[in-house]
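# Prediction below, plus the sequence it came from.
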Amino acid sequence: GHGIVEVLMCRHKARNALGNVFVSQMRKVVSTLYNDSAVRVVIFRSLVPGVFCAGADLKERALMNNSESDLFVHGLRSLMTQIALLPTPTIAAMDGVALGGGLELALACDLRAAANSAQMGLIETTRGLLPGAGGSQRLPRMIGVTLAKELIFTGRRVGGQTALEMGLINRVVEQNQTGDAAYREALSLAREILPQAPIAVRMAKEAMNRGLEVDIGSAMAIERMCYARVIPTRDRQEGMAAFIEKRAPRYTGE
């Protein structure tokens, strides 16, 4: 649909492992999405069958010394931050495994749709590490500290249905013949967002994301600021007019 942008991951041989080149390409792609007002929803999906993203590229990592390793993970962390800070809603379509950095990428998105056959987990402790691309911070904020600690301490992988029950994902679907059921579900989520007023949606995202990090009084001030930015928009006038005239609103993003 018009306004839906897809970020396609297709590093077939390496199962979308997050290596240096792949990460810098992703960062370039994501940075182009910041100032494009035609972008309404961003979907992250994989074209590699059975894999969303298998995490950091351990073959590359094995060749790094300590400071190179630190620098690499810092780059990975800032990619995830860049994704989290995108102004429009983002959806991860998890049709296959999402492990370590691959799950951290999905956690940096606003919404997640997964196939029931998808396996996901922050498996870093099984490799002598801890989640270093935002996972140790985003997972507890998302599903609560008790469950997050269990998942991170054990490095356990969970399927789509369990992930849904934990509040880790928004939707779970049966995988289909073409292996893109989660992507189709992500599209249908995106299409539910598209008809709404774009500036209002972006401001709602900002209000929620910024408000979560502060005390309730400061959070109310953030809500007020975000609200103040939608009051003068044409779309707000259109929303009112459509209600009074009993018709569907036609939003332009102005």
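Happy to help now that I have it.
# All the helices of the chain, in order from the start?
Applying DSSP state H to the chain gives helices spanning 20-32, 58-61, 66-84, 101-108, 135-143, 145-154, 160-166, 181-193, 198-211, 216-230, 234-244.
# Just tell me which of the ones you listed ends up closest to Glu174.
helix 181-193 (6.3 Å; CB to CB). Where you see a C-beta, it was placed from the backbone N, CA and C, and this is true even at glycine.
# Any buried residues in the closest one, and which?
Using 16 or more other CB atoms under 10 Å as the test for burial, helix 181-193 gives 181-187, 189-190, 193.
# Also stretch 204-213?
By neighbour count, with 16+ other CB under 10 Å as the criterion, the buried positions of stretch 204-213 are 204-207, 211.
# ok, Thr125 - contacts?
Each residue near Thr125 by CB atoms under 8 Å, 6 or more residues apart in numbering is listed here: 152-155.
# Mind doing that once more with 6 Å?
Gly155 (CB atoms under 6 Å, 6 or more residues apart in numbering).
# And for Leu33?
Leu33 is in contact with 39, 86, counting by CB under 6 Å, 6+ apart.
# What backbone torsions are found at it?
Backbone torsions of Leu33, given as degrees, to the nearest 10, read phi -90, psi -10.
# still on that earlier bit, highest average neighbour count across the helices of the chain?
Ranked by mean neighbour count, the helices of the chain are led by helix 101-108 with a mean of 29 (mean count of other CB atoms under 10 Å).
# what sits up against that one?
Taking CB under 6 Å, 6+ apart as the rule, helix 101-108 contacts 18, 52-56, 76, 80, 83-84, 92, 94, 98, 112, 120, 122, 133-135, 138.
# let's go with 7 Å and repeat that
With contacts defined as CB atoms under 7 Å, 6 or more residues apart in numbering, helix 101-108 is touched by 16, 18, 44, 52-56, 76, 80, 83-84, 92, 94, 98, 112, 120-122, 131, 133-135, 138-139, 142.
# My read is that Asn170 contacts Ala113, right?
Yes. With contact defined as CB atoms under 7 Å, Asn170 counts as touching Ala113 (6.2 Å).
# quick one, which of these two is more surrounded?
Between Asn170 and Ala113, counted using other CB atoms under 10 Å, the more crowded position is Ala113 (31 against 17).
# For the more buried one, which non-adjacent residue is closest in space?
Leaving out its chain neighbours, the residue that sits closest to Ala113 by CB to CB, 6 or more residues apart in numbering is Glu185, at 4.0 Å.
# List the residues that contact the one you found.
Contacts here follow CB under 7 Å, 6+ apart; on that basis Glu185 touches 113, 171, 173.
# Give me the distance between the first one and Leu189.
As judged by CB to CB, to the nearest Å, Ala113 and Leu189 stand 6 Å apart.
# swap in Glu238?
Distance of Glu238 to Leu189, computed by CB to CB: 24 Å.
# Please apply the same query to Asp95.
Separation of Asp95 from Leu189 (CB to CB) stands at 14 Å.
# Check Glu150 too.
Distance from Glu150 to Leu189, by CB to CB: 28 Å.
# my guess is Ala115 meets Asp95, correct?
Yes. The pair formed by Ala115 and Asp95 meets the contact definition of CB under 7 Å, at 5.2 Å.
# mind showing which ranges of the stretch 1-150 of the chain have poor pLDDT?
The model of the stretch 1-150 of the chain has pLDDT under 70 over residues 1.
# and for Ala113 and Leu189, which residues touch both?
With CB under 7 Å, 6+ apart as the test, Ala113 and Leu189 both reach 91, 171.
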